[in-house]
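1. Provided below for reference: sequence and predicted model.
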Amino acid sequence: MKEDDIFAEPLIYTSFVAMCNGHEPTYLPVKEMVDLKGVLEAKLEEYNEMIARMDLVLFDQAMEHISRVCRIIIQPVGSALLVGVGGSGKQSLGKLSAFILGYDVARIMVTSNYKLADLKLDI
């Protein structure tokens, strides 16, 4: 590959764009953010119709985060800890990422009497 191609902006690689376009999941670079935004908007609309209404603004950083989360959780035993201030969209981006890959989302409700045995049961 040419060096210009390797360091071209945006530097985002995904496999879900190919999957959403009906192809084998192939890990390829995203040439234009418009292409990525089109796929993500279509998946968000599908999520809104099938599961629950989620109003997201897909700006460039949000789309980059979705790509990162998808890249992590598609790996065998892949997991991530999303850290940020409340209301920054961590939960919504995580739910959309899981939906794109066809995963189910389970939510653990922690209470004051939640013990290690409860965590093991939930997992």
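-> Perfect, thanks for sending it.

2. from here on, contacts and neighbour counts on C-alpha atoms
-> Fine.

3. which stretches of this protein form strands?
-> Using DSSP state E, the strands assigned to the chain run over residues 13-14, 28-29.

4. By mean pLDDT, which helix or strand of this structure comes out lowest?
-> For the chain, the helix or strand with the lowest mean confidence is helix 3-6, at a mean of 78 (criterion: mean pLDDT, DSSP states H and E).

5. next one: that helix to chain centre, how far?
-> Average the C-alpha atoms of helix 3-6, do the same for its chain, and the two points are 26 Å apart (CA atoms, centre = their mean, to the nearest Å).

6. again with stretch 103-122
-> Centre-to-centre, stretch 103-122 and its host chain are 22 Å apart (CA atoms, centre = their mean).

7. And for stretch 8-22?
-> In terms of CA atoms, centre = their mean, the centre of stretch 8-22 is set 12 Å apart from its chain centre.

8. List the contacts of it.
-> Outside stretch 8-22, the residues within contact range by CA atoms under 8 Å, 6 or more residues apart in numbering are 24-33, 36, 39, 64, 67, 70-71, 100-101.
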